[in-house]
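K.L.:
based on what follows, work out the 3D shape:
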Amino acid sequence: MRVLCCLDGTNAEQVHRAVSRMLCAETTIGILYVTDTWPQEEMERHRERLLRPPHPPLLRREQMRQAEEASAQEILEEGKRYLVGAETLQRTGRPEREIVNSAAIWHADLIVICSRSTWGGGSSPGPKSVGHVARFVLDHAPCPVLLIRPLYRE
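P.N.:
Numbering: from 1, shown residues only. Predicted coordinates for the structure are as follows:
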C-alpha cells in the first residue's frame with residue numbers, strides 16, 4: 001500500500017496520528033509539500049494593474065524563491081520527524097492540482113489530507129470546513145482520500 005500524506009506546514013502531527021494506525025510492513029509512506037504559485041501570480045497581476053513591470057527585480061525574486069525553498073524544507077523535515085522513513089516529494093504549482101498529479105505519478109493507493117488548516121489551530125465547523133484544495137482533491141483524486149479534520153486547540 002502506498003499512502004501519500006499532504007503537508008501544509010501545520011498538520012504533520014495530525015497526519016502522523018491518522019496513518020500510524022494503518023502502518024504495516026508493506027506500507028510505503030510519501031510526504032508531499034507543494035509550494036503554492038498562486039500568491040506570486042496574484043502579485044504579478046497587481047503589479048501589471050499598477051503599470052509596473054510584471055516581475056519584481058531579479059534579486060527580490062531570488063530572495064523569495066530561497067525563502068520558499070527553505071520553508072518547504074523545514075515543513076518536509078518536520079514531516080520526516082513524525083513519519084520516519086517516509087519518501088519526500090516536493091512540488092511547485094497549484095497545490096490542488098499538484099496533489100492529484102503527484103498521487104497519479106507516485107501510484108498512491110490512498111491520499112491523506114487535512115480538510116482545512118488555519119493558523120489559529122483548527123477550522124470552523126460547517127460546509128466551508130473543507131477548503132478548496134481538499135475539495136478539489138476529493139473530486140479529482142485517482143485513488144481514495146482520507147480527509148482529516150484538524151484538531152481544535154484552546
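K.L.:
which parts of the chain are helices?
P.N.:
When secondary structure is read from DSSP state H, the chain shows helices at 12-20, 38-49, 58-82, 95-106, 132-140.
K.L.:
single out the most deeply packed of those helices.
P.N.:
Sort the helices of the chain by mean neighbour count, taking mean count of other C-beta atoms under 10 Å, and helix 95-106 sits at the top with a mean of 20. Every residue, glycine included, has its C-beta placed from N, CA and C.
K.L.:
out of the helices of the chain, which gets the lowest mean score?
P.N.:
Per-segment mean pLDDT for those reaches its minimum on helix 38-49, at a mean of 76.
K.L.:
gap between that one and the chain center?
P.N.:
Computed by C-alpha atoms, centre = their mean, to the nearest Å, the separation of helix 38-49 from the middle of its chain amounts to 22 Å.
K.L.:
what is it packed up against?
P.N.:
Under the contact criterion of 3 or more C-beta pairs under 8 Å, 6 or more residues apart in numbering; DSSP states H and E, helix 38-49 touches no helix or strand at all.
K.L.:
got a list of contacts for the longest strand along the chain?
P.N.:
Determined from DSSP state E, the single longest strand within the chain is strand 28-36. Taking contacts as C-beta atoms under 8 Å, 6 or more residues apart in numbering, the residues outside strand 28-36 that touch it are 1-9, 15, 19, 23, 68-69, 71-72, 75-76, 79-80, 83, 85-95, 98-99, 102, 106, 108.
K.L.:
same thing with stretch 82-90?
P.N.:
4-5, 12-13, 15-16, 19, 28-35, 72, 76, 79-80, 102, 106.
K.L.:
can you pull the pLDDT of Thr35?
P.N.:
For Thr35, the pLDDT comes out at 92.
K.L.:
residues near Leu83, how many?
P.N.:
The local packing of Leu83 (other C-beta atoms under 10 Å) involves 22 other residues.
K.L.:
against Thr28, how distant is it?
P.N.:
Leu83 sits 11 Å away from Thr28 when distances are taken as C-beta to C-beta, to the nearest Å.
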